[in-house]
Structures are given as C-alpha cells and as structure tokens.
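In: Could you work out the structure for the sequence below:
(chains A and B)
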Amino acid sequence: MLDPIQNLGKSGLRFFERLGRACILFARILGGLHTLIPRLGLVIYQTYSVGVLSLLIIVVSGLFVGMVLALQGYNTLVDFGAEESLGILVALSLVRELGPVVSALLFAGRAGSALTAEIGLMKATEQLSAMEMMAIDPVHRVMAPRFVAGFFAMPLLAAIFSAVGVLGGYFVAVGVVGVDEGAFWSQMQDAVDLRDDIYNGVIKSVVFGVVVTWIAIFEGSDAIPTSEGVSRATTRTVVHSALAILGLDFVLTALMFGEI
Amino acid sequence: MADNNILVKTRDLSFKRGDRVIFDGVDIDIRRGSVTAIMGPSGTGKTTLLRLIGGQLKPDKGSVIVDGENVHELRRSQLYQLRKRMGMLFQNGALLTDLNVYDNVAFPLREHTNLSENLIHKLVLMKLEAVGLRGARNLMPSELSGGMARRVALARAIALDPMMIMYDEPFTGQDPISMGVLVRLIRLLNDALGLTSIIVSHDIQDTLSIADEIYLLAGGKVVAKGSGDELKQSSSEWAQQFLKGQPDGPVPFHFPAEDYADDLLDGKPGRAQTRM
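Out: The predicted structure follows:
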C-alpha cells in the first residue's frame, strides 16, 4: 500500500539530487571560465569538433527543410493568390522557429551524444580521476572548454541552418514553382525585422546551446562508469535535451511573440 | 617517535559504502623513503584507501595526514597544491586516450609549469628513458600493451618530481617479463628519486620482494604489519591464510548467506535472464 508512495518519494528525491548536482557542476563550469584564457587552443579544438563537424548534417537538413517549407507554403498560398508572400513565410518560419529548434535537436543528437559518451568513457577509464590526482581539475580542463564551444557553436549553426533554409526555399519558389524573384526577396526584406525576428531567434539558439551542452556534460560526468551506464547516459542526453528544447521553445516564444 | 619521519599517517580511519563497512579504525604509518605495501584479499578496500589518501573520497571518521597536512580539512585549492606532490598510478594507466605517449607525459608539465617546450622536450625524454620507452614516444595509448601503458603512466606520475607515488595494483594482469620490469622500476625509482612509495596489491611474491613494510588488511582492519619476514613468522591466522593462499580460514570461502538447506528448500527461484 505504501510502496507506490515510497517509490514516488524516492524518485522525487533522486530527481532533485541530480538537479542539484547538475546545478553545482554548472556553477563550477562558470566559475572556471577564467582558466580557459591560457587554454584557448582547447576551446578552438572543441568548437571545431562540436561545431564544424556538425556542419554537414545542419546544412543538408536546413536545405531540405527550406525546400519543403516553400513547397508546402506555395500550395496553400496559391489558393489565395498570395504566392508572392512565400519569401516571408519561409524566412519567418526558419528564423523564428525552425532554425533554432531543429538545429538544436540535430545538435543534441550529433554533438551532445558525442560529448556525453566521451566524458562518460573518460570517467569509466579513470582518466578524470587521473587528472584530479595530477591536480588538474577536469571541470576546467575537460568540461569548461566543451561548454564554451557549445555556447558559441549553437547560434552559429542555427544561423547557418536558417540561411541555407532560405536558399533552399528560394530554389523551390523561384526555380521550381515560378514565384517572381523580385517579389520573393523584397517581401522577405520588408517583413523580417532585425530585432523582433532575428535577435529573438539568436537568443533562442543561445539558450538551447547552453542547455544542451550543460545536459550533455552533466550526463557524461554523472554516468555510471560501465558500458551500460554510459549508453544510458547518452540516451538520456538526447531525450532530455529534446524535451528541454521543445519546452523552452514554448516558454521563449510565449515571452517573445505572445501577447502575455 | 620522530613524527616528521612519517609521510602519511592515518588515524582511526573509518569509511562506509552504503551499509557496508570498508574501514573500521585503520591506523597506518608510512615512513619517508620506504616502499610500503598495503595487501589484502580483493574487496578489502585497498584502492579505496589510496583514494582516501589522495582526497578523492572523504572518510566517515578519522584523519589522513600527508606531509603534516590533514587531507580532508584542506580547501580545494590547497588539496590541489598537495596533489602536485603526489603521484598516482592507476590500475590500467588511465592515460589520456586522445594524446600520444609524449603528450601524456608532457601533460602535467604543460599544465603546471611555464617551462619552454624545449625544456619540456628534454624532461619528457628523460622520464621516458627512465621507464625504457623513449622510443615509443609517438605511439597512441591504444597501441600500447598493458605493461607499457603502465610504464608510460609511471613516467607521467614522476614528471613533476613528486614526494610520493601510490601504485594501484601495478602487477595485475602482467606477463612475467613486464612484471619483473615493473618490480625493478618501482624499487629503482623509489631509491633513485628519493620517493616514498605505497603499493596496493595482492600479489604476494613480487610485493614481498620490494616492500620494506607490509600492512595486511582484512575485514576493515589492519590484521598484521611488519616486514616480509616478520609477516611470514606472524602468528596471525589472517596473515598465514593470505600468505599461503589457503581457500578457507578467517577469510571464509563463502560469501555470507542464509542456511544452505533452508535456501535450497524454501528459496524463491530466480527469473530467466532477460538482458544481455
């Protein structure tokens, strides 16, 4: 009779314990950022590995998302004779929503899972312990550079995603379904606002970058140091990141664009 | 007793993992310049002891004093200062897998000193020469055998010229030749560099051949201590069972369990394995 309640309490406690550990790790990473100044090379290398190596999947996905958007948008708009607004539709959807959200989801799958697996395996093979015993704080040496890399890479990847998406939309709109080229670009230019649309999109992708990288690093450092533990941690990174991205996207959208 | 002759001193050290008592009032003194072995059956927490000395774990009770400093009362920055003077050799070497042998040995030098790359190059080659692996400097850790990886880790551990080195099961899983190499290296480095060495092991012959003093742990306590010869003469049943490798004695063959007959007659059957 009491068992379910007891279990609920236990899992609740575990959740808050983990959340607490994650917050402590976050604070320690932020507190260790100054140690990165002599280690800029590490940050650049990590930015390469989470950012540049994610480019392919981001560019290809962006291109197709933009193309699909234009195709779908055209089919609806053409009924109202408004197909020249296709540029607005493509650009606003990408810059406000799809760019930050889809690229963050891809980033979590491509870079977040890799971060978790790498840190988890470093823990399992005692590399993190060895660093501690060499008086080198793994939070400074391993985690902070990866965090900063995610922080910078995510908004850049989202921007590239949106830009490539707009190009994909352009190919379909102008090249395939025959929307007027001048109307496509000029309407887009008129309707997309730097502050309301682009800045807000960038803010979203910064938030997603911080959250995804934080989850990935925490899950890696908190993984049970066995093969099963690391595989579970990697799965958790992708699932929790996706949930966090979609949940936060709603909150941020409501704050930025909603009439609240 | 001249206290500054003792480098590491544990007093009434107690440590629990969940409900399991690992240590229950352990007193150990490790003399400067000596090779001290901590021996005991598997699962007696020998590795845990090294982690307590290195400050990676906190004891429930008691103290660990290293070079006059209470490890568990230090702040993080002070603890890290102390660790710069401690080396630790992990069971599998724990080399950083994304760096080659040279960079692994150079790692602590680059992190902790402002030496020029030129000087680091010379130091790294000297450390690698000491463990006989100067020629392997460009290999990646995945290309090394287990014994070589441990020797590289040893070169890395002495890179900052520490005052002590802790060896976690250095002999496990070694072929006789690399075993002989490691045994000789540990003694040689200890004497040549004026180190203090702590070896955690359950390998009797090789450990007895180099250790000045041996602590035998069992059931969370020190059950016997002394030099190899003293232990062999010891009247302690623990010591005799351990040194002679008898399957039953004070350390029981059976893990604690309920009565055998009851277990067979009334015990619930297990379920078929659904994983793996």
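In: What is the neighbour count of the closest residue in space to B:Ser34 that isn't next to it in sequence?
Out: The shortest distance from B:Ser34 to any non-neighbouring residue, by Cβ to Cβ, 6 or more residues apart in numbering or on different chains, is to B:Asp212 (4.3 Å). All C-beta atoms are positioned from the backbone trio N, CA, C, and that covers glycine. The number of residues packed near B:Asp212 is 16, by other Cβ atoms under 10 Å in any protein chain shown.
In: hang on, B:Asp175 packs against B:Gly147?
Out: Yes - the criterion here is Cβ atoms under 8 Å, and B:Asp175 meets it with B:Gly147 at 7.1 Å.
In: which residues in chain B form helices?
Out: With DSSP state H as the criterion, chain B has helices at B:46-53, B:76-83, B:101-112, B:117-130, B:146-157, B:176-193, B:204-210, B:228-233, B:237-244, B:260-266.
In: got the residues of the stretch 1-150 of chain B near chain A?
Out: B:54, B:56, B:80-81, B:83-84, B:86-88, B:90-92, B:94-97, B:107-108, B:111-112 (Cβ under 8 Å from any Cβ of the partner chain).
In: Mind giving me the PyMOL select for those, buried ones only?
Out: Here is the PyMOL command that picks out the buried ones among the residues of the stretch 1-150 of chain B next to chain A, judged by 16 or more other Cβ atoms under 10 Å in any protein chain shown:
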select buried, chain B and resi 54+56+80+83+84+86+87+88+90+91+92+94+95+96+107+108+111
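In: What residues of stretch A:10-27 count as buried?
Out: Neighbour-count burial for stretch A:10-27, with 16+ other Cβ under 10 Å as criterion, is recorded at A:Ala22, A:Leu25, A:Phe26.
In: Skipping its backbone neighbours, what lies nearest the first one in space?
Out: Read that as A:Ala22. Once flanking residues are discounted, A:Ala22 sits nearest to A:Phe218: 4.5 Å by Cβ to Cβ, 6+ apart.
In: A helix includes that neighbour, no?
Out: Yes - counting by DSSP: H, G, I helix; E, B strand; the rest coil, A:Phe218 is part of a helix.
In: Any idea what B:Lys221 is bridged to?
Out: Under DSSP bridges, the beta-bridge partners of B:Lys221 are B:Ala218.
In: And for the one 5 residues further on?
Out: According to DSSP bridges, the partner residues bridging B:Gly226 are B:Ile214.
In: quick one: contacts for it?
Out: B:Gly226 makes contacts with B:Glu213, B:Ile214, B:Ser234, as judged by Cβ atoms under 8 Å, 6 or more residues apart in numbering or on different chains.
In: how about a cut-off of 10 Å?
Out: Going by Cβ atoms under 10 Å, 6 or more residues apart in numbering or on different chains, B:Gly226 touches B:Glu213, B:Ile214, B:Tyr215, B:Leu216, B:Lys232, B:Gln233, B:Ser234, B:Ser236, B:Ala239.
In: What of B:Ile65?
Out: B:Asp3, B:Ile6, B:Leu7, B:Val8, B:Lys9, B:Thr10, B:Arg11, B:Asp29, B:Ile53, B:Val71, B:His72, B:Glu73.
In: can you rerun that using 6 Å?
Out: Going by Cβ atoms under 6 Å, 6 or more residues apart in numbering or on different chains, B:Ile65 touches B:Lys9.
In: what separates it from B:Leu96, distance-wise?
Out: Note on B:Ile65: its distance to B:Leu96, by Cβ to Cβ, to the nearest Å, is 31 Å.
In: and if you look at B:Leu79?
Out: In this view, B:Leu79 and B:Leu96 are 21 Å apart by Cβ to Cβ.
In: same check, this time on B:Asp263
Out: Counting by Cβ to Cβ, the gap from B:Asp263 to B:Leu96 is 47 Å.
In: got it, and A:Met134?
Out: On the measure of Cβ to Cβ, A:Met134 and B:Leu96 end up 10 Å apart.
In: Which neighbours do those two have in common?
Out: Between them, A:Met134 and B:Leu96 share no contacting residue, judged by Cβ under 6 Å, 6+ apart.
In: Now do the helix or strand in which A:Asn75 is found: which elements does it pack against?
Out: Secondary structure from DSSP states H and E places A:Asn75 in helix A:55-77. For helix A:55-77, the elements it packs on are helix A:86-92, helix A:99-107, helix A:144-170, judged by 3 or more Cβ pairs under 6 Å, 6 or more residues apart in numbering or on different chains; DSSP states H and E.
In: now those as CSV including mean neighbour count and mean pLDDT?
Out: Converted to CSV, the helices and strands packed on helix A:55-77 look like this (neighbours: other Cβ atoms under 10 Å in any protein chain shown; pLDDT from 0 to 100):
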stretch, mean neighbour count, mean pLDDT
helix A:86-92, 25, 92
helix A:99-107, 26, 96
helix A:144-170, 24, 95
